[in-house]
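**Student:** Predicted model and sequence below, questions to follow.
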Amino acid sequence: MTTYGIEFVPGSVNVKQVVTYTKLAESKDIDFAWITNHYNNRHAYPTLAMIAANTDTIKMGPGIMNTFTDTPAAIASFMATLNEISDGRAVLGIGPGDLSTLPKLAIDPAKPVSRLREGVVQIKKLLAGEEVKKTGEMEFFDYDGAKLTGVTLPGKKGIPVYIGAQGPKMLELAGEIGEGALINASNPKDFQIAIPIIKKAMEAVGKKKFDVGAYTAMSIDRDEKKARNAAKIVAAFIAAGSPPPVLKRHGLDLGNVEKIKEALGRFDFKTVGGLVGDAEIDAFTIAGTPDMVKQKCDDLTKAGVTQIIFGSPLGPDMTNSIRLLGKYIV
């Protein structure tokens, strides 16, 4: 069964607006709300607490935290608190961290896979009520007597952990220690590569259940041109940040992508808009009319995706886009 999520960025919209949009999404039977985590935007933690206090059924979580800017103990404490406020609806999205942002914060993003593995292990132990003792086996988070004592623990059900994954090592880690994955991709071609890696890791540890999340760049509108124009800048940034093998997988012109990258570097968005065409939009976003979006979402489901997440920009008009997604896609 396919479930649906939606992403909100508390940057261009404030916290009260995010809550309003999330309540609308909940009314359209969207299952998950994922709130992005960037130091330069409004913080995900209080935003999620506001969502938890003002909704009834939708699950919510950070999309995504990392163990460079936040410690496993701090994340565990927050998630237990969010789970209490939401009456058991918390989910945790966690990943390696934004490798383009961390150096700006004087953080060396070294050994992201090992660091994330240790972080998730310790978060799960703390949420299970364990006193985490020093073992000498951990490089980053070898806690010495850490325990959550003043929070309501989630109990046997626990809090599902979704690993933000793209590269092979992170996809393997997701299949091994996660309950799900949040994969930044909108095209079935990417999941044809990713899902077999996850399944192999699952088989190695005897795991049967797993939620494969497609963290899409979505733009929907009744007017096809408006929908696709709204997706251009997002497609440009994704193309500019993608390695050559990914660009080749989607049959993109590497020379044109280099021009896009140069224009973005100059903040010349008018030139960017002229360079981004259907090839880039279709490779990295789901953009178009409700019928077009429905078909692309069906294609993702056939590729093995089990949760489709409607990510930024959503469309030229966010309220209208959420209504269209609820009426035609969910």
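**Tutor:** In hand now; what should we look at? Numbering: from 1, shown residues only.
**Student:** for the nearest residue to residue 58 once chain neighbours are set aside, what are its contacts?
**Tutor:** In this structure, residue 58 finds its nearest non-sequential neighbour in residue 26, 4.2 Å apart by Cβ to Cβ, 6 or more residues apart in numbering. Just so you know, the C-beta spots here come from the backbone N, C-alpha and C atoms, and that holds for glycine as well. Residue 26 makes contacts with 33, 55-58, as judged by Cβ atoms under 8 Å, 6 or more residues apart in numbering.
**Student:** same thing but 6 Å
**Tutor:** The neighbours of residue 26, taking Cβ atoms under 6 Å, 6 or more residues apart in numbering as the test, are 55, 57-58.
**Student:** So which of those is surrounded by the most neighbours?
**Tutor:** Neighbour counts for the contacts of residue 26, by other Cβ atoms under 10 Å, peak at residue 58, which reaches 22 neighbours.
**Student:** In CSV: the contacts of residue 26, plus secondary structure and pLDDT.
**Tutor:** Output for the contacts of residue 26, formatted as CSV (DSSP: H, G, I helix; E, B strand; the rest coil; pLDDT from 0 to 100):
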residue, secondary structure, pLDDT
55, coil, 98
57, coil, 98
58, coil, 98
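**Student:** re earlier: what values do phi and psi take at the residue nearest to residue 58?
**Tutor:** Here is the backbone geometry of residue 26 (degrees, to the nearest 10): phi -60, psi -40.
**Student:** Would you map the helices across the stretch 1-150 of the chain?
**Tutor:** For the stretch 1-150 of the chain, the helices defined by DSSP state H, counting those that start in this stretch cover 15-27, 44-54, 72-85, 112-127.
**Student:** Please state the offset of the lengthiest strand in the chain from the chain centre?
**Tutor:** Assignment by DSSP state E gives strand 211-220 as the longest strand of the chain. Distance of strand 211-220 from the chain centroid (Cα atoms, centre = their mean, to the nearest Å) equals 8 Å.
**Student:** Summarise which helices and strands it is packed against.
**Tutor:** On a contact count with 3 or more Cβ pairs under 6 Å, 6 or more residues apart in numbering; DSSP states H and E, strand 211-220 meets strand 180-183, helix 224-241, strand 286-288, strand 307-314.
**Student:** tell me the angle of it relative to helix 224-241?
**Tutor:** In terms of direction (axes from the mean of the first three to the mean of the last three Cα atoms, to 10 degrees), strand 211-220 departs from helix 224-241 by 130 degrees.
**Student:** and the angle from strand 211-220 to strand 307-314?
**Tutor:** Put simply, strand 211-220 runs at 30 degrees to strand 307-314, going by the same axes, to 10 degrees.
**Student:** Now tell me what touches strand 211-220 from outside.
**Tutor:** Here strand 211-220 makes contact (Cβ under 6 Å, 6+ apart) with 180-182, 184, 186, 227, 230-231, 234, 285-287, 293, 300, 304-311, 313-315, 321, 324.
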